[in-house]
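K.L.:
Fold the following.
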Amino acid sequence: MIPRDLALSTLNYPEQSPGFAARYLERAFQDDPQFSEQDRRFTLHLVQGVFRWRLRLDWFVRQFVRFSFKKINPSVLNILRIALYQIFFMDRIPDFAAINEAVKQVKAIGKGPLSGFVNGILREICRQKDNITFPGRENNPIRHLSVVHSYPDWLVEKWVREVGIDSTEKLLQAGNRIPGLVIRCNMLKIGRMDLIRRLEEENLGAKPTHYSPDGIMVTGLSGPVNKLDAFREGLFQVQGEAAQICSHLLQTESGRSILDLCAGMGGKSIHLAQLTGGKKSIIAVDTNLNKLLKLKERARILGLGCIRPVAANSASHLSSLFNSSFSNILVDCPCSGLGVISKHPDGKWVRDEKDISRLSHLQIKILNEAGSLLRDRGAMLYTTCTISREENEDVVNDFLKKNDDMILVHLKSYVPEWGLDLIDDNGFFRTFPHLHGMDGFFGALFIKKQAGKGVVCEPLTHQARQKQCDLRKDQQNQIADEQG
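P.N.:
Numbers count the residues shown, from 1 in each chain. You can find the predicted model right below:
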């Protein structure tokens with residue numbers, strides 16, 4: 001199968017869930033190992049590009065179609081989108097080549113009679129490129145932002161309501177950028193600067209992330225990351241910077257085990273295991289058995305035998321599953337994923353306002369279940385990868401109303417020095433793509449009251465924060481000594 005045909009097959013796939021396109025392409029590449037790396041990149045670029053700019057591409061079509069837009073055959077519309085993405089966003093492909101390939105695709109799917117329509121409308125759009133106009137910003141700012149930046153109206157309106165129109169536009173722009181690769185160094189095996197040197201030896205660009213003390217930004221990768229020697233040796237894990245920071249927010253000094261709910265592929269489980277030196281048991285709970293099996297295999301490669309995957313539903317009957325409580329719980333809830341749109345642009349089109357309400361109710365259920373397992377004086381961190389007040393602040397407020405034995409911790413009193421800028425005035429961990437150059441994440445830390453007592457933790461002093469940094473340096477020095 002050639003790249004454009006695989007791109008069309010992916011766009012035509014009926015499943016509608018965040019990240020489905022990436023999963024579909026991954027299976028297709030596995031089924032056809034003859035697919036070259038160049039073809040893989042081109043296919044992914046087409047699919048992600050169409051999802052990223054779909055509404056804007058449709059606007060182009062609407063300007064020139066002479067009948068109802070809704071009457072266009074869905075497969076033919078996707079062929080038009082693929083061609084228009086190449087015409088408007090890919091400089092190396094001549095317009096005539098994109099048009100000719102689109103006509104071939106229409107014929108290949110048995111829609112030959114429509115080839116004239118496809119050829120004609122694409123050629124007309126190319127002739128009128130410089131004359132295309134967009135909805136006026138002054139008359140209809142929501143529609144303007146929606147079309148120009150290619151986001152659904154409801155989402156633009158929601159963000160304008162929550163963060164204002166200027167911040168919303170910057171947020172939309174940031175979500176349309178193609179994200180770079182960020183990895184997390186396995187500090188139990190190698191120091192960050194040593195790993196950077198290793199990556200440079202493999203002809204990659206690498207530099208430390210701005211905030212996370214474990215992160216590295218990588219450039220110049222031309223193939224799958226799992227082909228790198230450093231990856232196969234378990235020296236790093238692919239993980240965004242905001243996700244890395246979450247693990248640093250959970251207080252893990254007490255207790256022998258940590259419960260990670262909704263663990264998924266276990267990025268945070270593995271990070272917590274590394275931060276605790278592999279000395280604490282990490283119970284990773286998720287409903288998806290396949291993800292847990294992949295987590296187990298990756299933990300083996302990384303040399304972490306302390307992670308215990310458990311297949312279970314985090315939203316119900318957790319107390320009957322575990323016969324003990326935990327001092328440390330991470331609740332990384334399923335969410336709308338509106339903070340990671342740059343990585344999963346299909347998320348713009350498979351979510352709606354009903355999903356936000358449904359997910360917020362699920363998040364509260366999971367938090368309540370988790371709270372029942374939290375030990376007195378224990379710490380529980382709630383995180384999401386979304387920019388949605390209903391799934392973030394509103395969930396926290398609802399949880400606190402129903403659980404008067406929980407105290408919300410102002411995170412500014414507990415994070416290391418490097419993380420202070422990421423804590424808002426309400427004490428929440430907040431990152432925004434347009435402000436911090438990373439995914440949009442939210443985090444809230446709860447402490448469970450000891451029976452009959454009030455506040456149970458003292459904030460970190462400057463000396464305590466400095467001690468955390470010194471411990472990190474000692475760990476790095478120890479790794480360097482062991483390596484030579």
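K.L.:
residue contacts, the residue nearest to Leu338 when sequence neighbours are not counted?
P.N.:
The spatially closest residue to Leu338, leaving aside those adjacent along the chain, is Thr386, at 4.5 Å (C-beta to C-beta, 6 or more residues apart in numbering). Heads up, the C-betas are built off the backbone N, CA and C, glycines and all. Taking C-beta atoms under 8 Å, 6 or more residues apart in numbering as the contact definition, Thr386 lies against Cys335, Ser336, Gly337, Leu338, Gly339, Asn392, Gly440, Phe442.
K.L.:
Which one of these is nearest to Phe134?
P.N.:
Here the nearest of these to Phe134, counting by C-beta to C-beta, is Leu338; it sits at 23.4 Å.
K.L.:
what about that closest one, distance to Ile356?
P.N.:
In this structure, Leu338 and Ile356 are separated by 9 Å, where distance is defined by C-beta to C-beta, to the nearest Å.
K.L.:
Mutual contacts of these two, please.
P.N.:
Here Leu338 and Ile356 have Ser388 as joint contacts, going by C-beta under 8 Å, 6+ apart.
K.L.:
the more surrounded of the two?
P.N.:
A direct count of neighbours by other C-beta atoms under 10 Å for Leu338 and Ile356 places Leu338 higher, at 25 against 21.
K.L.:
which SS state does the more buried one fall under?
P.N.:
At Leu338 the chain is in coil, as set by DSSP: H, G, I helix; E, B strand; the rest coil.
K.L.:
The one 3 residues further on now?
P.N.:
Classification of Ile341 into helix, strand or coil gives coil, according to three-state DSSP.
K.L.:
Counting neighbours, which bits of whichever strand or helix holds Glu26 end up buried?
P.N.:
Using DSSP states H and E, Glu26 falls within helix 20-31. By neighbour count on 16 or more other C-beta atoms under 10 Å, the buried set for helix 20-31 is Phe20, Ala21, Ala22, Tyr24, Leu25, Ala28, Phe29.
K.L.:
next one: stretch 171-184
P.N.:
Residues Leu171, Leu172, Ala174, Gly175, Asn176, Pro179, Val182, Ile183, Arg184 are the ones in stretch 171-184 that count as buried (16+ other C-beta under 10 Å).
K.L.:
how long is it end to end?
P.N.:
Between the opening and closing residues of stretch 171-184 lies a distance of 25 Å (C-alpha to C-alpha, to the nearest Å).
K.L.:
got it, and stretch 274-290?
P.N.:
Taking C-alpha to C-alpha, the first and last residues of stretch 274-290 lie 23 Å apart.
K.L.:
which residues touch that stretch?
P.N.:
Contacting residues not belonging to stretch 274-290 are listed as 186-188, 214, 247-248, 252, 255-264, 266, 269, 272-273, 292, 295, 302-314, 318, 322, 326 [C-beta under 8 Å, 6+ apart].
K.L.:
which of the residues you listed are buried?
P.N.:
Neighbour counting by 16+ other C-beta under 10 Å classes 186-188, 214, 247-248, 252, 255, 257-264, 266, 269, 272-273, 292, 295, 302, 304, 306-310, 312, 314, 318, 322, 326 among the contacts of stretch 274-290 as buried.
K.L.:
Stretch 177-196: how far from the chain's middle?
P.N.:
Stretch 177-196 has its C-alpha centroid displaced from the chain centroid by 17 Å (C-alpha atoms, centre = their mean, to the nearest Å).
K.L.:
Show the end-to-end separation of it, please.
P.N.:
From the first residue to the last, stretch 177-196 extends over 25 Å; the measure is C-alpha to C-alpha.
K.L.:
Averaged pLDDT, it. What do you get?
P.N.:
Taken as a whole, stretch 177-196 has a mean pLDDT of 96.
K.L.:
what are the ranges of the helices in the stretch 351-484 of the chain?
P.N.:
Along the stretch 351-484 of the chain, the stretches classed as helices by DSSP state H, counting those that start in this stretch are 353-371, 393-402, 433-436, 462-482.
K.L.:
same check, this time on the stretch 151-300 of the chain
P.N.:
If DSSP H, counting those that start in this stretch is used as the criterion, the helices of the stretch 151-300 of the chain fall at 153-163, 165-175, 192-201, 229-232, 241-249, 267-275, 289-301.
K.L.:
Looking at those helices, spot the one closest to Asp424.
P.N.:
With respect to Asp424, and counting by C-beta to C-beta, the nearest of the helices of the stretch 151-300 of the chain is helix 153-163 at 12.0 Å.
K.L.:
I'd like the average pLDDT over the closest one.
P.N.:
When pLDDT is averaged over helix 153-163, the result is 96.
K.L.:
neighbouring contacts of it?
P.N.:
So helix 153-163 is contacted by 141-143, 145-146, 149, 167-168, 171-172, 338, 348, 351-353, 387-389 (C-beta under 8 Å, 6+ apart).
K.L.:
So which of the contacts of stretch 274-290 sit within strands?
P.N.:
For the contacts of stretch 274-290, the ones inside strands are Ser257, Ile258, Leu259, Asp260, Leu261, Ile307, Arg308, Pro309, Val310, Ala311, Phe326, with DSSP state E as the criterion.
K.L.:
wait, isn't the last one in contact with Ser372?
P.N.:
No. Assessed by C-beta atoms under 8 Å, Phe326 is found out of contact with Ser372, at 10.6 Å.
K.L.:
returning to that earlier point: ok, the ones in strands among the contacts of stretch 274-290 vs Arg62, which is closest?
P.N.:
For the ones in strands among the contacts of stretch 274-290, the minimum distance to Arg62 (C-beta to C-beta) is 44.7 Å, reached by Leu261.
K.L.:
so the closest one touches Ser314, yeah?
P.N.:
Yes. The pair formed by Leu261 and Ser314 meets the contact definition of C-beta under 8 Å, at 4.3 Å.
K.L.:
got any residues that touch both of the two?
P.N.:
Val285, Val331, Ile366, Glu369, Ala370.
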